[in-house]
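Participant: Need a 3D model of the sequence below.
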Amino acid sequence: MFGLSWFDWWRRNAALNWGHVERLLSLHDPRELRAWWLADVRQMTSDYLRSPAFLALMRLNLTLLNQPMMIKATKMMSLPSR
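Facilitator: Just a heads-up that it's a prediction; the model follows:
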């Protein structure tokens, strides 16, 4: 059972990697590779910033920062005004 699942995992990853190798070999200009990479990073960042987990964490952070105790502690730690 373990051997078959491992082999299936390896086969799928090998197929994905060959697809990436073929795509990389087709790119002769480094600018095309950079544009492809930046597009992937841009999409990944956009997906992350719109994920429910990230939005929930930001909501929690904003809620905690607006607590009176946190506001007082922030003012105490800030640089003195001149």
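Participant: For Ala35, give its distance to Val41.
Facilitator: To Val41, Ala35 is 11 Å away according to CB to CB, to the nearest Å. Yep, even glycine has a C-beta here, placed from its N, CA and C like the rest.
Participant: in the protein, which spans are helices?
Facilitator: Per DSSP state H, the chain carries helices over the ranges 2-26, 30-49, 52-65, 68-77.
Participant: weakest of those helices by average pLDDT?
Facilitator: Of all those, mean pLDDT reaches its minimum on helix 2-26 (a mean of 66).
Participant: Please report the distance of Ser5 from Arg12.
Facilitator: For Ser5, the distance to Arg12 equals 11 Å [CB to CB].
Participant: My error: substitute Arg50 in the last question.
Facilitator: 27 Å.
Participant: Also Asp47?
Facilitator: In terms of CB to CB, Asp47 sits 22 Å off from Arg12.
Participant: what does Gln43 give?
Facilitator: 22 Å.
Participant: What of Asn61?
Facilitator: 38 Å.
Participant: And for Val41?
Facilitator: Look at Val41 and Arg12: by CB to CB, they are 24 Å apart.
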